[in-house]
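Student: please find the sequence and the predicted model below.
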Amino acid sequence: MVLDAIRRQFYSQRKEWDSHFFLTGAEALSFMEDHPTDVVMTDLNMAPMNGAELLGVVQERFPGTVRLLLTGAAGVKSTLPAALLAHQSFSKPCDPMELREAIERAFRTRLASTTDRMRDLVGSRGALPSVPEVYSELTRVMNDPDAGLNEVASIIERDAAISMKLIQLANSSMFAVAQRVESVRDATSYLGMNLVRMLVLSAEVHQGFSASAAQPGFSLHREQAHGSLVANIARGMSDEREVADRFFLAGLLHDVGRLVLASAGAVDQAALEGEVPLHASVGAYLLTLWGIPLPVVEAVGRHHDPSAAEPRKFGIVTAVHVADALAHEVTLDDHAPATPMDEDHLRRLGVLSRVPEWRSLAEQLVRPGGADAA
Ligand SMILES: [Fe+2]
Ligand SMILES: [Fe+2]
C-alpha cells in the first residue's frame, strides 16, 4: 500500500523529521489543529474526503503549511483542479528521492522565511499561484536528451496567450534577433530552448497574477518591463551560455515577491518592508516551493543585500544585485525600492572595476541605437 511504502521511505529521516501518517483527511486535520505542521502530503484518491478536498481545507485553515499532492499515473494535467491546490504535485509512481527533495525544500523555505505573517500571506488563497504548468512540462520534456524543437514548441503552442507573449518578447529589442520572429518555433530556434523555457516561466508568472494584482499605483506591465531589463543586463555579465541563462532567469524573477505582496492586498507594503525588503524573501519562498534551482532562489532572496549570501566570488547573487541597481539607474525608475550598488561588496569580490562596462551594457539595452533612438 502506498502509505506503507512512504512510511518505509521516511523511516531513515525519523531523526530529522517528525512525521505522522493518517488514513483519512479528517484524522490529519484534527491532528493539525493541535500540532503546527510544516508539510502535508496526500494522495488524491482517498475516501470519504479526497486529496483535493483535504488540500482545500488545509489551504483555508493553515495557509502557511506546504501542500504536496500525489496523483494517479494520468499525470497532473487530468487532475488540474486538485493540482492547483498543491504547491507541488507528483504523479505515481514517483521517485522517492524526488519526494524527499521536495519535502526538504519545503523545510528549507520554512526555515528561511522570516515571519509567520509572511508565510500566511504567501500561502493564502489567490496570493500564490501554483507551479507554472507549461514551464513544468517544458522542464520535464527537456530533461529528455532527445527532446526536440518541435516538441518544445508544441507544448508552448497549446497556450495561446503565452505563445503570443513569447513571440512578442522574442521580437523585442532585447534579443536582437535578425529576422522577425513569427512563430513559437522560430522563437525557440533563435533563442534556444532553455531561454525560451525561462521566458515562458516569466509569462506564466505574470499571467497568474494579472487578475489579482490590481492595486493602485501598481503596474504589472512596469514590473514585467523592469524584470526583463534586469534579466538582460544580468545575462550580459557572463560569456558562458549556461551561466548567462541562469543570471537571466534570476533577473526575470527577482521582484516576483512584489507581485505576491500586491495580490495579497498588502497595500501597506511600506510598513511590511523591513530593512531588507520583504518582497525579496517572499519571492525566494515562492520560488523554492516551485522547485526553481536554489542558486536562482538565493539570488532573488538576496538581491538587495548580496553580501549576506557571503559569495566568495562573482556569481549570480552579485550579478542580479548589480543589474537591478543599474536598471533603476538607467531608466530613472523609482517604482520599487532600489538599493544602491554595494560597492564594498563588489570591491571584496574584485569586480568593482567592471561596473562602467556593465553600466554601458545597461545603457545599450535601454537605448539600443544611441540617444536618438530612445
Ligand atoms: Fe527588489
Ligand atoms: Fe528590482
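Tutor: Good, I have the coordinates. Ligands and ions are numbered 1, 2, ... in the order given.

Student: near Leu23, how many residues? Count them for me, please.
Tutor: 11 (other C-beta atoms under 10 Å). Using the backbone N, CA and C atoms, a C-beta is placed for each residue, glycine as well.

Student: what helix or strand is the closest residue to it other than its chain neighbours on?
Tutor: Spatial nearest neighbour of Leu23, excluding adjacent residues (C-beta to C-beta, 6 or more residues apart in numbering): Leu3 at 7.2 Å. Assigned by DSSP states H and E, Leu3 falls within helix 2-11.

Student: so which elements touch that helix?
Tutor: Packing partners of helix 2-11 (3 or more C-beta pairs under 8 Å, 6 or more residues apart in numbering; DSSP states H and E): strand 39-43, helix 96-112.

Student: where among those is average confidence lowest?
Tutor: Mean pLDDT is lowest for helix 96-112 among the helices and strands packed on helix 2-11, at a mean of 69.

Student: quick one: Phe90 is in a strand?
Tutor: Yes: according to DSSP: H, G, I helix; E, B strand; the rest coil, Phe90 belongs to a strand.

Student: average pLDDT for stretch 15-23?
Tutor: 86.

Student: after the helix or strand bottoming out on mean pLDDT in the chain, next one along is what?
Tutor: Every helix and strand of the chain was ranked by mean pLDDT, DSSP states H and E. The lowest is helix 269-272, at a mean of 48. Per DSSP H and E, the first helix or strand lying C-terminal to helix 269-272 is helix 278-290.

Student: quick check: buried residues in the helix holding Leu3?
Tutor: Buried residues in helix 2-11, defined by neighbour count with 16 or more other C-beta atoms under 10 Å: Ile6, Phe10.

Student: how about stretch 154-162?
Tutor: Across stretch 154-162, burial judged by 16+ other C-beta under 10 Å covers Ile155, Ile156, Asp159, Ile162.

Student: check stretch 301-320 too.
Tutor: For stretch 301-320, the neighbour count (16+ other C-beta under 10 Å) marks 301-307, 309, 311, 314-320 as buried.

Student: so where do the helices sit in the stretch 251-374 of the chain?
Tutor: Along the stretch 251-374 of the chain, counting by DSSP state H, counting those that start in this stretch, helices occupy 256-263, 269-272, 278-290, 294-301, 316-331, 343-348, 355-366.

Student: quick one: the first one to helix 294-301, angle?
Tutor: Spelled out, that is helix 256-263. Relative orientation of helix 256-263 and helix 294-301, computed by axes from the mean of the first three to the mean of the last three C-alpha atoms, to 10 degrees: 60 degrees.

Student: close to ligand 2, is helix 256-263?
Tutor: No: if you take C-beta under 5 Å from the ion as the test, helix 256-263 misses ligand 2, and the best it gets is 7.9 Å.
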